[in-house]
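Colleague: I'd like to go over a predicted model; first the sequence, then the structure.
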Amino acid sequence: MSSPLIAVDLGNSRLKFGLFEGTIASSGLPTPSRLLEVGNDEWDGARVLSWLPPKLSQLRWIIGSVNRESQAVVLRWIMEQQLSGAIPGGPDPHNSVQTLDQNDLGLTIRVDHPERVG
């Protein structure tokens, strides 16, 4: 079984978190076992912490964002929680968090500011 994964979508108005556990079936797209959605102005790290299942020994994060300010806040929160031991992060917390942007997805976006497209 692979490490649980939190997929995070940080948009301009909403923050969405999905927990994916176990292996991905070859017959389709994975379905999150838990979802959390909050408005950007409702960010509360304690709410995310209470949403996570208890007693995780490992946890990976993949973050996609068009909102750099929210991304910085969430990344800082994850690092603080990992370093304090509140959530697992392994010996090097930076190895358990991956950020994505349009370049990682191999998409050509023909707009003036592709980094702002969600």
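Modeller: Yes, it's here. Residues are numbered from 1 along each chain as shown.
Colleague: For the lengthiest helix in the chain, buried residues please.
Modeller: Longest helix in the chain by number of residues, with DSSP state H as the criterion: helix 68-84. The neighbour-count criterion (16 or more other C-beta atoms under 10 Å) identifies 70, 71, 73, 74, 75, 77, 78, 81, 82 as the buried residues of helix 68-84. In this view, the C-beta of every residue, glycine as well, is placed from N, C-alpha and C.
Colleague: so the fifth one touches residue 82, yeah?
Modeller: No - using C-beta atoms under 8 Å, residue 75 makes no contact with residue 82, being 10.7 Å away.
Colleague: Break down this protein into its helices, ranges please.
Modeller: Along the chain, the segments classed as helices by DSSP H run 45-51, 68-84.
Colleague: for the shortest one, packing partners?
Modeller: The reference is to helix 45-51. Using 3 or more C-beta pairs under 8 Å, 6 or more residues apart in numbering; DSSP states H and E as the contact criterion, the secondary-structure elements in contact with helix 45-51 are strand 34-39, helix 68-84.
Colleague: Which of those comes out lowest on mean pLDDT?
Modeller: Set side by side, these give their lowest mean pLDDT on helix 68-84, at a mean of 91.
Colleague: With just CA atoms, put it into CSV.
Modeller: What follows is helix 68-84, C-alpha atoms only, in CSV (Å, rounded to 0.1, in the frame of the first residue of the first chain):
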residue,chain,number,x,y,z
ARG,A,68,0.6,32.1,-4.7
GLU,A,69,-0.4,33.8,-1.4
SER,A,70,-2.5,30.8,-0.3
GLN,A,71,0.2,28.4,-1.5
ALA,A,72,2.7,30.1,0.7
VAL,A,73,0.4,30.0,3.7
VAL,A,74,-0.4,26.3,3.2
LEU,A,75,3.2,25.3,2.6
ARG,A,76,4.4,27.1,5.7
TRP,A,77,1.6,25.5,7.7
ILE,A,78,2.5,22.0,6.4
MET,A,79,6.2,22.5,7.2
GLU,A,80,5.4,23.8,10.7
GLN,A,81,3.1,20.8,11.4
GLN,A,82,5.6,18.3,10.1
LEU,A,83,8.5,19.8,12.1
SER,A,84,6.3,19.8,15.3
